[in-house]
Each structure stands twice: as C-alpha cells, then as structure tokens.
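Asks: when you get a sec, could you give me coordinates for this:
(6 chains)
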Number of protein chains: 6
Amino acid sequence: MFYHIKELQYESKPSKPDPVYAKKLQEILGGQFGEISVAMQYLFQGFNSRADAKYRDLLLDVGTEELAHIEMLATLIARLLDNAPVKQQEAAYKSNPALAAVMGGMNPQHAIVSGLGAQAADSVGYPWTSRYIISSGNLLADFRANLNAESQGRLQAVRLYEISDDPGVKDTLSFLIARDTAHQNQWIAAIAELEAREKDIVVPTTFPRELQKQAVAYDLYNLSRGEESSQGRWAKGPSMDGRANFRYVSNPVPYGPKPFLVPAPVYIHNTMPPMFK
Amino acid sequence: MFYHIKELQYESKPSKPDPVYAKKLQEILGGQFGEISVAMQYLFQGFNSRADAKYRDLLLDVGTEELAHIEMLATLIARLLDNAPVKQQEAAYKSNPALAAVMGGMNPQHAIVSGLGAQAADSVGYPWTSRYIISSGNLLADFRANLNAESQGRLQAVRLYEISDDPGVKDTLSFLIARDTAHQNQWIAAIAELEAREKDIVVPTTFPRELQKQAVAYDLYNLSRGEESSQGRWAKGPSMDGRANFRYVSNPVPYGPKPFLVPAPVYIHNTMPPMFK
Amino acid sequence: MFYHIKELQYESKPSKPDPVYAKKLQEILGGQFGEISVAMQYLFQGFNSRADAKYRDLLLDVGTEELAHIEMLATLIARLLDNAPVKQQEAAYKSNPALAAVMGGMNPQHAIVSGLGAQAADSVGYPWTSRYIISSGNLLADFRANLNAESQGRLQAVRLYEISDDPGVKDTLSFLIARDTAHQNQWIAAIAELEAREKDIVVPTTFPRELQKQAVAYDLYNLSRGEESSQGRWAKGPSMDGRANFRYVSNPVPYGPKPFLVPAPVYIHNTMPPMFK
Amino acid sequence: MFYHIKELQYESKPSKPDPVYAKKLQEILGGQFGEISVAMQYLFQGFNSRADAKYRDLLLDVGTEELAHIEMLATLIARLLDNAPVKQQEAAYKSNPALAAVMGGMNPQHAIVSGLGAQAADSVGYPWTSRYIISSGNLLADFRANLNAESQGRLQAVRLYEISDDPGVKDTLSFLIARDTAHQNQWIAAIAELEAREKDIVVPTTFPRELQKQAVAYDLYNLSRGEESSQGRWAKGPSMDGRANFRYVSNPVPYGPKPFLVPAPVYIHNTMPPMFK
Amino acid sequence: MFYHIKELQYESKPSKPDPVYAKKLQEILGGQFGEISVAMQYLFQGFNSRADAKYRDLLLDVGTEELAHIEMLATLIARLLDNAPVKQQEAAYKSNPALAAVMGGMNPQHAIVSGLGAQAADSVGYPWTSRYIISSGNLLADFRANLNAESQGRLQAVRLYEISDDPGVKDTLSFLIARDTAHQNQWIAAIAELEAREKDIVVPTTFPRELQKQAVAYDLYNLSRGEESSQGRWAKGPSMDGRANFRYVSNPVPYGPKPFLVPAPVYIHNTMPPMFK
Amino acid sequence: MFYHIKELQYESKPSKPDPVYAKKLQEILGGQFGEISVAMQYLFQGFNSRADAKYRDLLLDVGTEELAHIEMLATLIARLLDNAPVKQQEAAYKSNPALAAVMGGMNPQHAIVSGLGAQAADSVGYPWTSRYIISSGNLLADFRANLNAESQGRLQAVRLYEISDDPGVKDTLSFLIARDTAHQNQWIAAIAELEAREKDIVVPTTFPRELQKQAVAYDLYNLSRGEESSQGRWAKGPSMDGRANFRYVSNPVPYGPKPFLVPAPVYIHNTMPPMFK
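Replies: Numbers count the residues shown, from 1 in each chain, chains lettered A, B, ... in the order given. Just a heads-up that it's a prediction; the model follows:
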C-alpha cells in the first residue's frame, strides 16, 4: 500500500518555458528506459518476488522512488509547456520564422490532447507500453535488466543535460543523473552478491550444464568476414565463468542438414509441390 | 551484405508434431528476448557503430548467427504444426476431450493466417516490435543490454526445455542454450574490457561526475517500510565504482517544495481555479 | 447494410493549404477520441446490442453519422496538404527559414506514404487502434464511455478551432463542434433515462449490493497528505446513489497483512530464498 | 513523493491455485480499464492539474489508492499461478484431459516469461499501453473519463466475481467492487459540483456557443432506417443543457457538396486523371 | 455521407453457439486482412482520391459494401457466443473435460470485456490497427494492395469454412467467399486497365527509367546457395515489362566498399575509438 | 545459415549531413513497406515454404538481398545524422531560424536514444512491427503481397528521390529503385507462372467453386450513389477468371433479414430489454 506527500523529491522548475525541449524530455518520462519503465519494472519484480525479503524490499524501495521521479518530470514538462506559442497564426510563419520553428517542433498533442500537461509517452509521441518491462522471477536475470535500464536511462538523461542551457532544467537533471549513478552501483552490487551466492554467472545458474551442448558453449563463430573480432577478451583465454576456454572459429560451418517441410493438408490450401497435385 | 546457405546451423526436428508446444516456442522466436530481437539488436548496433572495428565485427558476427537461429526455430515450429487437429469438428469435443484441449490450446493463427508456418510473434500472438531493441551508440550500455537479452533468453529457453518431453525439441534447445552460454560469456568479457578501458563502471563514463548532485549519488532511500534492504552489499561499504561509500537513509524526506502550476491560457479551455474566473 | 452518397454532410474546404495544420487535424480524425473512434464505438455497440431496439437504433444513427465525419475530415486534410513544400531543397532552409519551418513541421508520411492524403492516424502519426473503443454490452457503462468520448472530442475540436485562423477550417469545425454538442446532450439524456429505469447509478446496477464489502463502499481515503480533498461534495453528505453517507478517512490504514509468496518449482529456475537451496 | 508499506490494502489470497483464472484476472490489472489504467490516469491528471488544490488532492488520493490495487491483484495472480501444471508432459493430454484443458487454457507467458508472476498485460496477453489513459487538463471532461473507467472496471470485476467459485478470490473482488462503488459515487459528485460551478454541461463550457453552428446543435439524424430512436428522451423535449429543444430529423440530407480534390504535383507520382496526362 | 438500413446484406446465423469458433472468426473481422481492414482501406483510398471519378466511385462502392460485412460478422460472432460456458465452475474441469476445453479455448475478453459481443480484434485478441491499411494516392500500387488483401482474406475465409461443420456458419462464409471472388476479379480488371493506360507495369510508371541504375534493374542475385531459383520465369527470358531480359547472377558480389562511420561528438557520449581518446 | 561480408551491396554516402532528411529516410528502412518488412517477409515465406524448392530458393535469395538493403540504409542514415545541430541552445532559435527549423524537424530519438544511429522505425518514429508481414503458405497469395510491397516501396523511394538534392543520396536511391524494378518484374513473373500452373486466378484456386454462392460471385454493387463505377472493365464483359460475366447492380438490396440478438445471461450484467426485467 502506498502514501503520497505533496512535496517533490527534488525541485523541478525550468528557468523559462521551452515546448520543444518539453517534447524531448518526454523520452526519460515515458520512453523505453524512462521513469515509468523503471518504476513499473521494479514494482512488478517486487510484487512477484518469491525470493529473500531483502531483495523484495530493495525492489520496492527503488520502485517507490521512481514514482517520485515520474512526478518530478511530469511537473517539469508541464512548466516547460507554459506559454507554448500554439495559438500563433500562420501569419507568424513569415514574420517570425524562429517562432514558426518552435510551433513546428513541439508535440501537437501537448496542446490539443493534454492541455499543456505531460504525457505517458516518449519524445516521438509513442505511448508507453508494458512490453518495455521485464520481471522474470530470476533475480540475477532481472538485476541485469535493471542495470541495463539504468545505464540507458542515465545515458539519455546526460544527453538531454548536454543539449539544454536552462539552469533549472540542468539542476533537476543533475539530481536524476546522480540517482542513476546510485542505482547503477546498487544493481552492480546486487548482481555481484547473487553471482557469488549462486557460484556461477550464466543465467539461469540452476540448469545442469551437462544438459546443454557443451561442445559449442564457448565458441565465437566468425560469420562476418574479417577477423577483427578475434582481438578481444571474448575470443581467447579462459571463459568468464571459468569453466572452459573461449574458442575462435574462423570458418564456421553448419552442423545441420537442409530442412524439408512436408506439404500441409489439402484443406489448408497452401501451395502444393508438383508431385502432390 | 549477406549470403545464405541452405543448411541449418543445427538440426531442428521434433520427434512428433505438437501444435500447443509450437505456440509456446514462439516466445523465443518472436518474443521480447527472442531470436529476432537479438539478431536485429546486434546488427543495428553493428551497422551504427562508430567505435573500434573489433566491436563492430563482434556485433556482426553474433548478429549474423542469430539470423540462423531464427531459421532454426521457424523450421522447428513449422514441423511441430504438422498434423495440427484444426479440422476436427465440434463433435470431437465430446468424444475426445484430450484432442479438444489441443484444439483450444493452439494458436488459431497458425492455421488460419500462416498456414502451419511460424510467425514473427510471441507465445500469446503479440507481434514482434522494434521497440524491443536498443542501439544507443554507447557500447558499454549496449553490451549490458545484450547481456540482459541473453540472460532472459536463456532462462526462457531453459523453461521451454524443462516442459518438453520431445527428444528432438530438447536436442535443438540444448544447442541454443549452449550458444546463449557462449554469448553471455562473450558480453561479460566485452563489458569487462570496456570498463577497464574507460576506468569506470557508471554509464556513460564520460560525463563529468562533478556535474551531477554528488550528495545523493550513493544513497539508498528506505521508501518501503521495513529495513530488510539494508542487509545487502548495496547498502553499505564502498560503492562498486570505488568513489564513495554507500549510504542507507532510513527516513528519507523530500528535497523539493510542493509544486504549483500556473493556469493555462483561456484558449486551451482547461479547468481554471476559482480566482481566475 | 450501408449506402453512401457523394455529398459531404457539411462543406470541408480550407481557405488555403496548410500542411502543418493538416498534421494537427489528424488528431480528431484518427486519434483516441477522433471520428474513427466514435464511429467504430457506436457501430460495434449497436451491432452487439442485446437490449431494446431504440438504443440499437440510436447507436446506429449516430455511428452512421460519424462515418460522414471521417469523410469530411479526410477531405479537409487532403485539401490542407495541397501545395505542401515537400520538394523544397535544402538550400531553402537558409534562404527561407519560414518555409523550412513548415517543411520540418509537417508529417513526412503525408508526402511519402499517403501521397497528400489523410491517414487513419493521430497528430503524432500514431496509428488508430481498436483498443480505443469500448462496447461492453452494458449500455449505462457504454453511454458513459460515449459521453466521455464526445467531451474529449469536442474539447480537442475547440482547441483546434482556437489555433486556426482559416475561415474555411473554422467553418467546418464549427459544424463538428455543434454536432458534439448534440451528441453530449443525447448521451446525457440516454444516461438519465437508463439510470431512472434501473433505479441506481452504480454500474452494473444489477449486482446485489450485499455481495460487496459495504463497509468501504463510501470511503474516501486521504492517501496524499493534506486534506484539501475533504472540501468537496464527494467527501461528505449523502452519497450520490442515496444509499449511505460519504466518509472521509484522514488516516487510512491497511486492512490486509504483508503478503508472502511461496517459492516456484525448481524447473521454473526462479531465484530461490536461501532456506530452499 | 511516495512511500510504501508492506501490508496490502486488503487480503488477496485465493483458496487454491487456478492458472486459467489467473489469466482472466489479468484483465482488471493490466487491461484497458484495469488498475494500472486508473492509477496512471488519476496520477497524471493530478500531476498536470492547473486547477484548484482540492481537485489535485482528490486525484492524488485516489490515484495512490489504485497503486495499492495493482499490488493486491499482482499478489492474487501470483498465488493463483502456484502449482500451474506447466511441466505436465504430452502423455498427460490423453490420460488426463481435464489437466490438458488447464494447460491449454493458461497464459504461456505466465510460465515462460514471468516465472509464475503477474504481468502488466490484459487477459489475452496484450500489454498495457498509455494510450488507454486521458489527462486533458479539463476536469469536467476528465472526471467523465474517470466515471467511465470506474463503470467499465466495476462491470468487469463483477463478471469475474460471477464466474469464480473460490471464496478467497470472491472476498478480494468484493472489496475492489465496493471501492469502485465509492469511486463512481465520487466522480459523479465531482462532476455535479463542476457542472454547477461552470453553469453548463457541454464540455468545454468555456467555448462561446455562438461560434458553433447553432442550427444543428440539437438535432438527431435518423441515418439508420427505422424510427425507433425517436422514442427516447434524447429525441424530443428540452435539451439536457436547457438551451433548446431536441429535434428529430427523419430524413436527413447533406449540407455540403460533392468534394473534388485537385491532382497532386507530378513529383508525388499519384495517379493522375486523364485530362492531366 | 452514409445511410444504414437494418437488414443484413446476407443472413448470419449459426446453427448453434460455439464460442471457440467465435474466437477464430474474429480473424476475418478484425485481423490484418479482415473486413475492417478492407472497409477502411477502400474508403480512405476513395476519400483521398485525386484521380478519375470512376475509380473513386468504385472504391466507395466496395468500401461501403465492406461495412456491411463488418456488420454481418459482428452479428455472427455475437450469436456464436450465446450460451458460452463461462460461468462453469472449476469443478467442471474434472467432471466434464470437454466443457473445460471450451472454457479454456474461448477468448476471455468475449465474456469479461465485450459481454458476449464481437470485438474489433483478431483471433488472438490483438486489436485492429490502421497500420494495416494503405492508401498511397497511386492507384496502380493501391489496387495491388487491394488484390493482395482480397487474396489473403479469401484464403482465411476458406480455411475457416473448412474447419467448421455448422451449416449456418458455412452458408454465411460461402457468401463472403463469393464476394471475395468478385472483388479479386474486379481489382485484377482495374489493374489491367491501369497498366494498359499507363503503358507500364512497374509502379510508379511515371518515374523516368533512366534515373535508376539500369544495369541492375533486371538481375536476380543468387544469395542463397543452390541454383534452384534459376529455374523460373523470373530468371530468364524477357522481363515482364518487356524492356530487357532477366539476368541470373550466380555469384553476386558487392558493388560498394566497407562503410566507416566517423565518431559522434563528445557530448553524445557514444563509445569512441581509441585514437580519439 | 547466413554469412556476412563487410562490403555494402552499393555505396551509401550522402554528400553532406541532413538530419531532417534522415528522419524521412527511416520510412523505407523501418516503415510498413521498408526494407525490414520485405526482408522478414521473404525470409519467413522461405523458411515456412512447403512447396517447390525453386520458390523457396527464390524467396531466400531475395530476402537475403533485402538484409543488405537494411545495412545500406542504416549506414546512409547514420551519415546523414553527422553534425546534427542537437546541441544548439535556445538562443539559436532567434539568431538562426533556419537552424532552429532543422532542430525542430529532426527526430529527437536520433540524438537522445540512438546516438546518431539509424532506428528500426519509420519516418514518424513508429517502431517496426511484424504485423506488417504476411506469410500464408499460399504462394500465389503471398507473391501478390510481395508485388504490393515492392510497388509501395518503390513509390516511396521515388518520392524520397524527388525531394532530395543530394547527389550521394540520389545515387543510392537510384540503386534501390532499380532493384525494386527487378523485384516487381520477378514477382509478376512468379505470379504469372503460378496462375498458369493452377489454371485459375482466384486465390485459393483449390477451393471448389460450387461451395461459394455463385450467384453473387461476379456482381458489383452500386452502393455509393452515382454510376461512374459502371464505366470500367470490372463492371461488364467476361470476368477476369473467364468463368462468368461481370454484372453491375445499380440498386442493390439486402439478402438478409434484420438481426436480433437474444439477451445475455443475467450474470453477464448486460443491459436487458424491458420484457426480461
């Protein structure tokens, strides 16, 4: 169960309106790696957790914080939309081309649909979808998903920081970027702890290795001509799980035969090969 | 540019048809972490790569292999659909309830739409979408995405292996599971190499740390009541990036004020607060 | 069965082309509350109707009118796209920045994909999806959906009216806005009639009230700190259905315990808590 | 900013597992009118609110409660998935057709993807999308959206209650159904208060009526042959907004001419009419 | 503008209810090539048409007919849903496995969401989306799209006919299949007429051939090892447009060089190659 | 199984960067008829093929070539994104409106999400979805789908060629346009060959004609008032399949009765007609 307080986790106030930047900022609110994604991802992982209480608690702690970040960014976007020049008439295009560029560059739904409010969508207006999130029940897998989400998310926030010159926006982003730093560190720590506990790094660690084709479990197949890829840690020396050596296969060949599919029954009305006609 | 040979990378032949299992197998072909996702993800990362040739080559090597996995799974699914009892009439429901269960459990599109062929969709029939893939241009971020994809993918393949009792299906899956082992090892190796080269683990490593709010960059906020989350590596001791110590904040409070949004212009026709009426 | 006549229900002719406005106008053609949504929503409600003939007839009357509105807006958009400056070359960006703003602000698919024709998509190019529409079989519920659709739709049409200065566009919109007025009135009338007939206002009215937890059926929980929400009609006095009094709960507490989920079977390969290892 | 406590708002414990019902229950968690929809809809309306503090507070109160409902349903679904017979082998289809029916009827992603956890998707596995939610900035419009959501949502919960015979499930649903009763009452109260304050019922009330085509603002066009629709409150007597009388038009005719579109420029490569060749 | 009459274009009455078949029948109502797709596709092509009046009229004639097919199928599906055993309790699974199979095999939304009514979705519950339709403004291109739609649609209707044993359903389908025959013939006729008029078959016919790379305009590249593909009309002899001869290239090689992308600016925070560090 | 070589099939190098054009070019990479669509469509048709080897080989030849086109366009887009003015500050809007227009007109995800790389999305940023592709198992149907795809695709490429003035871009497009010419010719040849072999043109040709309603199989119903549509080859003379004559029906009437749906069971909580209350 949740409680809300009216205060923002951190101030979210631009120095001046900027509807084109508001459109861009939607990316880290409602995009693939935006705050809605991480909030929902961590909360569902927590709600579904069948493992130790401390992992569940960690997931709910961080998921609950991300709800506050949704609130911060929604507020920031609404304020960036103040004074959007949506009512400027076409005449403006000629007399004030800079204004025209703003009018053409903002998201039209910010005016027509959401009435100068934030949307649960990304920077091209694509709505947030739950296919972004993952909650598999295997925490080592899921913490890697979380680390990825925080890495992509911080990268996007940094890019948005770099292209802004508004001190208020930059201040809010510097807070979110710092929190992403904390979260990357936390998921890395949680991953390290789980890998140590499970004594393996290949997810899922509980599947008996002898049930997989061991002979191909450490090969790198050179399927794009040119052997530059042989020059990395991944192509030689002991494998990262310490169970074998990497093997670079310069001229990979197929292990299987050509496939042949039998014709479908007549009532499916597929094209039949001549001998069946 | 690509070339194709007719042979499969590995044999994909079930011992007998099973259209209900065919539906489930679609998950690792056209699902969020299926073979289409990894093929397209690695190829786009490779095509877009502005970094060292060896990374580009690695991405194109592995992405090209994943194309072969799409082919293997499509073949396996088509064969599992042979003899699907789609033409059984309603009378069958009463005389043969086991058959009826198969008829109800298979994906109807496998008969009506794809004519007993595989689809680029997941196990509930949801079509593959490119919002699954990520190619950010930052390889440390993207290799973490790749490690996540291979972890979730191997987990799903293992679950499918466990619920099958068809030796042919299990043989094909044991190959794919082994390749996922190889790829997890490879991305872990590539991540380690990049982290060493960039001398940091927080993506992006190139953003000056002093531009973020340092004071909150290592905090864990206890926002879900109960302090179980304090009992992990992520809550105490030196941070994983070695730059500070984790700090556990038992009673987190907001740093910001209550937000207030100014009313929208009249022509937006939002609800106005009373004093503006 | 349907018949079509070539005349438009109302003239749809802009005074001059304006491809940027054409992009915006897509919102009320193919957006969440656009004409496609209401046409399909009313027609499916009508086709599926198992209630009185007069409701079915009303739904088919209004749904059929909305088909005419699709036609009107498609025509208006096609005409706004005349003379779109899509062939202007890059040189134009420097010599004529106002023109450049138009080129950047229009929907590129209007030129590349639909050949200066309207699309069944919204103002950010997101395609119309049938998940927008609702047809539940419960007409009181569905008429509320219809009232909502006409309210959001008229709001958006009004915003588009306000930001246009083209007399032809405004004339067409003034017709559509008037029709939305008619339809809001109609759905409000139909709701009132059904509420009177069903002698209740809580949908579905046919579910025995004693089967729900009566004790919590009129509470407002103050879950966002601060009691401003106690100052409304919804927080005190008799409930709107006349069966009880609203109750404002200043300090809501949980009724349930902490949840605990048992571990999954081993073959699911979830993370197991330590005691199960 | 948000806080979480571990206790559930209300107990969510089925009497026994039932993976087929778990699939169905997803509808009111992640469907169009599920708990994710109402939580996100009310929170975004609240975050974006530029109107009176009491409306903002109401929205945040109720939105925060809906977060607790997401948690309750996720927990209930996870428990219904315990002991799902996903590992049963094909032999089971013949010896135990009832079991086979369960295996075919459950959502395969509940086993393969989410590891016996709930998903942010509906009962056919379609992922939640933010296009479900509306936050327009006009509260009268939005409260109608909210009333619709609670009406559809309670209807679906009631249907799920009716088709269950599990006392635990029915107990949880009886709580949620009661809360939907409270919320329908609240939104009806809020709508009544706003309509009184704005002295009109046609959204948006702030658009000058004389700018719309008054002549058609109260007509019902008989576009589906047969005049059953004339027998309702919507077809005669004073309009609900009290400004005119409803008018039933038995033989509606077009007001506009046949449209004609000029040919596109040659470089668009549309089909040209013969005279232009 | 449209008019509706209550009569169906053709009777749509199953001999008995069958909710599992109702789920399958959704494919040709709301699937990629269902009736909604063709109705919307032809109507948008007609509304957008800038060519001869006879094409516009043809499109509106056929599009208007498809609206009647939507109505027929919605009616048929609603009737197939009568007596759906959704209220059967879990006990039924054991005592009546055939019934259980029906309960597991039907679309749960048909009961919970649409109240035994049809949906605008396909046989796996995926909602109809306007990305299915095409209206390019080039009628030769679009008539090919129409022919494809009628071909796929008739194929699916035939498959549904084959797997039904209900005389009423088969009667309705035999009507729709016949209309698809008519429409395939019509689009083939219209294509032939346009190809004759435009004196070419390569769309768009109006693009000067000399602006394309003529040298590669008739080649077939043997990129999948094995030369079976050389044995078709497409690989030898005069090309279908009569302007050249097909050429089969047994060993295709690249015409272009290896690509190299320059590094991104530092503020994008991509991975940089070593020499730029 | 696939192999990759680093060389491009054809050079893809713009003369200068142009991020607005890069956005537009996404249409033929990741749009409905872009290179991803045709690559996946042909490969899945090939993988699923149960017909003659030569068709399978043809499909895999052409599908493999389309993978090379994905690579070419991704490279071209990445190069067009060089020097995108994303870091220009707001001040630039006033001092340099032409630059502002570029900033507003480019796809923000090209900077924030993909780091100046191509995306698997279309020109409005909508992600590629596998619902674009069709693989039915009936090759005559599918080759018509392929011909449509190549027709729409070439049309879009031509439009993009026309609106560019960059010699490098035009050179690459002239190659792709020529390949579309080859592919249109090939699919037309394959269709002709199959129609000759199957001795019919109505898909599926294998369904017994006497099972459809022959009486309506050649009618054109004049459902849009005005008889312009009678003036085409489709309305008179022998049908294209040579089995009957086209028939133009000036005043089409319904063949079916008015539908009536019986009320739903009480526990569905639909609105019931009065006599059932």
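Asks: you'd agree residue A:185 is up against residue B:220?
Replies: No. With contacts counted by Cβ atoms under 8 Å, residue A:185 stays clear of residue B:220, the gap being 9.5 Å. To be clear about C-beta, it is placed using only N, CA and C from the backbone, and glycine gets the same treatment.
Asks: joint contacts of the two?
Replies: With contacts defined as Cβ atoms under 8 Å, 6 or more residues apart in numbering or on different chains, the residues shared by residue A:185 and residue B:220 are B:234, B:246.
Asks: list the residue ranges of chain A that fall below the pLDDT cut-off.
Replies: A:88-93, A:275-277 (pLDDT under 70).
Asks: how about the residues of it near chain E?
Replies: Within reach of chain E by Cβ under 8 Å from any Cβ of the partner chain, chain A has these residues: A:155, A:158-159, A:162-163, A:267-269.
Asks: measure the residue of the stretch 1-150 of chain A found nearest chain F to residue C:69 for me?
Replies: Chain F sits closest to residue A:105 of the stretch 1-150 of chain A, with a gap of 2.3 Å, by Cβ to the nearest Cβ. Distance check for residue A:105 against residue C:69: by Cβ to Cβ, to the nearest Å, it reads 30 Å.
Asks: those two: which has the busier surroundings?
Replies: Using other Cβ atoms under 10 Å in any protein chain shown as the criterion, residue A:105 and residue C:69 rank with residue C:69 on top: 27 against 24.
Asks: so who does that one touch?
Replies: So, once contact is read as Cβ under 8 Å, 6+ apart, residue C:69 ends up touching C:9, C:35, C:38-39, C:176, C:179.
Asks: quick check: phi and psi on it?
Replies: phi -70, psi -40 (degrees, to the nearest 10).
Asks: with residue A:114 instead?
Replies: phi -100, psi 0.
Asks: any idea how far residue D:135 is from it?
Replies: With Cβ to Cβ as the criterion, residue A:114 and residue D:135 are 6 Å apart.
Asks: which neighbours do the two share?
Replies: Jointly contacting residue A:114 and residue D:135 under the rule Cβ under 8 Å, 6+ apart are residue D:48.
Asks: higher neighbour count, the two?
Replies: Using other Cβ under 10 Å as the criterion, residue A:114 and residue D:135 rank with residue D:135 on top: 28 against 25.
Asks: might one say that that one is in contact with residue D:37?
Replies: No. Look at residue D:135 against residue D:37 with Cβ under 8 Å: they stay out of range, at 11.8 Å.
Asks: wait, what's in contact with residue A:251?
Replies: residue A:222.
Asks: same question for the one 4 residues further on.
Replies: By Cβ under 8 Å, 6+ apart, the contact set of residue A:255 is B:8-11, B:175.
Asks: among those residues, which one is most surrounded by other residues?
Replies: That'd be residue B:9 among these, by other Cβ under 10 Å, with 25 neighbours.
Asks: how about stretch A:16-33, which residues are buried there?
Replies: A:17-33 (16 or more other Cβ atoms under 10 Å in any protein chain shown).
Asks: quick one, strands of the stretch 101-250 of chain A?
Replies: A:219-221, A:247-249 (DSSP state E, counting those that start in this stretch).
Asks: of these, flag the one that's most buried.
Replies: strand A:219-221 (a mean of 23; mean count of other Cβ atoms under 10 Å in any protein chain shown).
Asks: what about it and chain F, touching?
Replies: No. Judged by Cβ under 8 Å from any Cβ, strand A:219-221 and chain F are separated, with a smallest distance of 9.7 Å.
Asks: show me what contacts the residue most central in space within chain A?
Replies: What sits nearest the mean C-alpha location of chain A, by Cα atoms, centre = their mean, is residue A:33, with 3.4 Å. If a contact means Cβ under 8 Å, 6+ apart, then residue A:33 has A:132, A:149, A:152-153, A:156, B:134 as its contacts.
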